[in-house]
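Asks: dropping the sequence and predicted coords here.
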Amino acid sequence: MIDKYSFGNIIVNGTTYKDDVKIIQGKVASPWWRNRGHKVELDDIKDIIEAKPGVLVLGKGQPGLMKSTRSLREFLQKNDVDLIEEKTSKAVKTFNRLFKEGKNVCAGFHLSC
């Protein structure tokens, strides 16, 4: 569960992270770097894809600058993975709700812009 998010910081299960994170089957992978900065491509989330989530939540940053590529969206759709892209403050709430509901959810969170 995500305890708290503020610009540049996220607290997951009591541990503070200052770099972007992925949450895969309840485990945190940090730092999370993307090949093209604010674009999320398939190569950036191979470990998430291997976990075969039913839902992928992407926190796009506070103002929402990070976005998935068209090719990633098409891949997820073909593989029956629901994609939810929201500003990180809202995405954190969505992730926690889905996690509590027992959904097979993974996430990637951009913590700043």
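Replies: Alright, I've got the coordinates.
Asks: and G26, what pLDDT?
Replies: Model confidence at G26, expressed as pLDDT, equals 93.
Asks: state the distance from it to I48.
Replies: Here the criterion is Cβ to Cβ, to the nearest Å. By it, G26 lies 13 Å from I48. Quick note: C-beta positions are derived from backbone N, CA and C, even for glycine.
Asks: what ranges in this structure fall below the confidence cut-off?
Replies: Within the chain, the set of residues satisfying pLDDT under 70 is empty.
Asks: re earlier: the more surrounded of G26 and I48?
Replies: For G26 versus I48, neighbours defined as other Cβ atoms under 10 Å are more numerous around I48 (23 against 11).
Asks: you'd agree the more buried one is in a strand?
Replies: No - the assignment for I48, made by DSSP: H, G, I helix; E, B strand; the rest coil, is helix rather than a strand.
Asks: begin at 38, not 1, for the rest of this chat.
Replies: Sounds good: first residue 38 from here, last item I85.
Asks: nearest spatial neighbour of it, skipping sequence neighbours?
Replies: In this structure, I85 finds its nearest non-sequential neighbour in C143, 4.6 Å apart by Cβ to Cβ, 6 or more residues apart in numbering.
Asks: ok, R134 to G74 distance?
Replies: In this view, R134 and G74 are 29 Å apart by Cβ to Cβ.
Asks: longest helix in this structure, please.
Replies: Longest helix in the chain by number of residues, with DSSP state H as the criterion: helix 125-137.
Asks: any idea how far the residue sitting furthest away from the middle of the chain is from L135?
Replies: Distance from the C-alpha centroid of the chain, by Cα atoms, centre = their mean, peaks at K115 (19.1 Å). Here the distance between K115 and L135 works out to 21 Å (Cβ to Cβ).
Asks: please tell me I have it right and R110 contacts V118.
Replies: No - using Cβ atoms under 8 Å as the test, R110 is too far from V118 to be in contact (9.9 Å).
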